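Chemist: curious how this folds, go ahead:
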Amino acid sequence: MRIGEQLQQQRKLRNMSQNELADKLKISRQSISKWENGASLPSFSNVIAISELFDISLDELIKGDVDLMNKFEDDKIGLSKIETIFTVGFILVITSLIFIYSQGITVTSVDYWLPGLGIIFFIGFAANIKWSVFNKSLNKKAVFFGILLLVVIVVPYIMHEVPDILEGIREGSNY
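Modeler: Got it, this is the predicted structure:
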C-alpha cells in the first residue's frame, strides 16, 4: 500500500480531517492532500511524526511504497549548507589560529594579508549565491542585521586602508 493510501486510511480510522492532521504535524493541509493523492511524498521526519502520531510502526506505514523507499535511499543524511559553512568554517578558524601561533606569525602580518583574502572570498561567495532565492528568504530583521554587519566589516577596513593609500599617494608625489 502506498504511503498516501495508508495515511488516508489511518486518518479516517481516527475520524481526523486533513486540517486536524496538518495542525498536529505543523504543516499545511495542502501537503496532506498532496501526500494522499500521490502528488508528493512526505519527508523522513514527517513519516516518523506520522508513525508516532498514529502509533504504528514505520515498517507498517511505508511497506510496499517503492517510491517512498527510493526517496529515503536517495536522501542523504548530513549537514545543511549553512551548517557546513559554520562547522567547517569554525574548524578552519581553529586550525588557522593553531598554525599562526605555532609558526610565530605576528598579528600585524595577519592584518596585512587577511583583509585582501577576505574580499576575494566574499566576492566568490556573493557571485555564487542565487540572489532571487536569497532575496525572498530575507525578512526585515535579517535586512537590518545585514546592514549592521556590512557597516562593522567595512568601516574598520576603510579606517585601516585609507590612511595607507593616502600615505602611498603622498610618497608617490615626492618622486
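
Chemist: what is the helix ranked longest in the chain packed up against?
Modeler: For the chain, the helix reaching the highest residue count under DSSP state H is reported as helix 140-173. Other helices and strands packing on helix 140-173, by 3 or more C-beta pairs under 8 Å, 6 or more residues apart in numbering; DSSP states H and E, are helix 107-127. Backbone N, C-alpha and C define where each C-beta goes, glycine included.

Chemist: what is the subsequent helix or strand relative to the helix it packs on?
Modeler: Next along the chain after helix 107-127, taking DSSP states H and E as the criterion, comes helix 131-137.

Chemist: OK, contacts around Gly4?
Modeler: Shown in contact with Gly4 (C-beta atoms under 8 Å, 6 or more residues apart in numbering): 35-38.

Chemist: thinking again about what came up before, which of the residues in the longest helix of the chain are buried?
Modeler: Residues of helix 140-173 classed as buried by neighbour count (16 or more other C-beta atoms under 10 Å): none.

Chemist: now that helix: mean pLDDT?
Modeler: When pLDDT is averaged along helix 140-173, the result is 81.

Chemist: and the angle from that helix to helix 107-127?
Modeler: 130 degrees (axes from the mean of the first three to the mean of the last three C-alpha atoms, to 10 degrees).

Chemist: and this structure, what are its domain boundaries?
Modeler: 3-74, 78-130, 138-175 (automatic domain parsing).
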